[in-house]
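Novice: how does the following fold in three dimensions:
(chains A and B)
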2 protein chains.
Amino acid sequence: MTDTLRPIALHVQRETILAYAEITGDYNPIHVDPEFAAATPMGGVIAHGTMSLNLLWQSIAATLGEDALHRTNLDIRFVRPVRIGDTVEAGGVRLPERVDTWEVWVRNAAGEPVISGTATLVAP
Amino acid sequence: MTDTLRPIALHVQRETILAYAEITGDYNPIHVDPEFAAATPMGGVIAHGTMSLNLLWQSIAATLGEDALHRTNLDIRFVRPVRIGDTVEAGGVRLPERVDTWEVWVRNAAGEPVISGTATLVAP
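Specialist: I've put the predicted structure just below:
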């Protein structure tokens, strides 16, 4: 069993966020309206959380194989916003005391977690 | 506190999946290569799991407000594939015995869960 999940990175641009909104129908102004977003506690436009989470999904699939995706229980929190211009990277490391559980994260370029939690392989 | 999360639906088309691959860089052949996908246990192309999960995110934001997103602990499994032509809908209902936890799901048009789990509001 692999101890470390393969890192997967994404550079988030304004166009990325707008395209993500178009696909998902998620036109929440916090993602697409700079003026609105600036007046919120976020202080500006943020990326969709599930866009970053996809990187973790890619990381799990790349490391543990396709079939892991439908055997993974994901327990996560979105702990920091991702902003235009950020590069985020997903990864994970197996917990020493648990053969089936990885500590997982998505981090920004400063190394701060934007998503953090655990991924546990369960029976199919 | 609201007992029911507002339903949010998405119709998944081939173009949706291809665009999602382009944004996230997730060109896993299970998503983009019909011939490859047909030869796997999935039996054909499936949508990215995080695309469906975004609907749940929208549902939480629409019902509990923006700030809920960064206070939500999500514990989920991707239990069924989403295919081209499927319409999926996210929703949730508060657990009667827990004031801060919702049973959450994304379901296909047949009412089968494609994502299932819980969302728990935690301290900021």
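Novice: check the closest residue to A:Phe78 other than its chain neighbours and give its pLDDT.
Specialist: Excluding the flanking residues, the one nearest A:Phe78 by Cβ to Cβ, 6 or more residues apart in numbering or on different chains is A:Gly49, at 4.4 Å. No exception for glycine: its C-beta is placed from N, CA and C like everyone else's. A:Gly49 is assigned 94 on the pLDDT scale.
Novice: quick check: phi and psi at A:Gly49.
Specialist: Torsion angles at A:Gly49 (phi, psi; degrees, to the nearest 10) stand at phi -60, psi -40.
Novice: residues contacting it?
Specialist: Counting by Cβ atoms under 8 Å, 6 or more residues apart in numbering or on different chains, A:Gly49 touches A:Phe78, A:Val82, A:Ile115, B:Trp57, B:Leu69.
Novice: inside helices: which ones of those residues?
Specialist: Members of those lying in helices (criterion: DSSP state H): B:Trp57.
Novice: flag every residue of chain A that's near chain B.
Specialist: A:8, A:10, A:16, A:19-20, A:22-26, A:28, A:30, A:40-41, A:48-51, A:53-55, A:57-58, A:61, A:66-67, A:69-70, A:72-79, A:81, A:117, A:122 (Cβ under 8 Å from any Cβ of the partner chain).
Novice: quick check, nearest of the contacts of A:Gly49 to A:Thr2?
Specialist: When the contacts of A:Gly49 are ranked by distance to A:Thr2 (Cβ to Cβ), A:Ile115 comes first, at 20.0 Å.
Novice: what about the helices in chain A?
Specialist: Assigned by DSSP H, the helices in chain A fall at A:14-24, A:29-32, A:34-38, A:49-64.
Novice: so which bits of the third one are buried?
Specialist: Applying a neighbour-count criterion of 16 or more other Cβ atoms under 10 Å in any protein chain shown, the buried positions in helix A:34-38 are A:Ala37.
Novice: go on, the second one?
Specialist: Buried residues in helix A:29-32, counting neighbours by 16+ other Cβ under 10 Å, are found at A:Ile30, A:His31, A:Val32.
Novice: need the winner for burial among the helices of chain A.
Specialist: Highest mean neighbour count among those (mean count of other Cβ atoms under 10 Å in any protein chain shown): helix A:49-64, with a mean of 24.
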